[in-house]
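**Q** need coordinates for the following:
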Amino acid sequence: MKIFIQRVSMYTAVRSQEDLASEVFEDSFAGVGFVALMGWFKSDETRADLDSAEKWLVDKVQGLRVFPDEEGKMNLSLEKYLEVNAIEGGILWVPQFTLAGRLESGYRPSFTDAMAPQLAKRRFESLVATLSAQPRAYKQIFGRFGANMELSFSNWGPVSLMLER
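**A** Numbers count the residues shown, from 1 in each chain. Got it, this is the predicted structure:
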């Protein structure tokens, strides 16, 4: 499993148009935070420790100290930075199968390393349920699995990190 994280500022939103129901889905937060793109791999399908790997990655994102302290050093977690500065923020969690893309030959990516869609959907939905149940001092919003989403955000830094477990 991989999570690609980008530190963001100002306004972050996700929007999708669901084809079958013609439903427009949109959610957002104002302030600073992260966009976390999450990808599961075919090799994750047989991992006995996938639950603990997911928990480790999510905990790492939530505790990541990449926000500036009073000296300008990247030293504060999102929660601490929001508290110290009395501002709002959040994390946008997005399922992103293209993190499994490979470009070893040609110009068209191969996604054969991605987890089977029905399994990845269950993993993401389980993670959404877990994260939604956690009380946090910031907003947590979620993309939609399998949807064609539009993400709006301003990279702050930029600070972009890849986490793997």
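**Q** for the spatially most central residue of the chain, what are its contacts?
**A** In the chain, the C-alpha nearest the mean C-alpha coordinate belongs to Ala36, at 2.0 Å (C-alpha atoms, centre = their mean). Each residue near Ala36 by C-beta atoms under 8 Å, 6 or more residues apart in numbering is listed here: 3-5, 61, 91-94. (Glycine included, C-beta is placed from N, CA and C.)
**Q** 6 Å instead?
**A** Going by C-beta atoms under 6 Å, 6 or more residues apart in numbering, Ala36 touches 3, 5, 61, 91, 93.
**Q** and stretch 142-149, how far out from the chain middle?
**A** 12 Å (C-alpha atoms, centre = their mean, to the nearest Å).
**Q** for that stretch, give the mean pLDDT please.
**A** Stretch 142-149 shows a mean pLDDT of 92.
**Q** what comes up buried for the helix or strand encompassing Ile5?
**A** Under the criterion of DSSP states H and E, Ile5 resides in strand 2-18. Along strand 2-18, these residues count as buried under the neighbour rule (16 or more other C-beta atoms under 10 Å): 2-8, 12-16.
**Q** sounds good, over and out.
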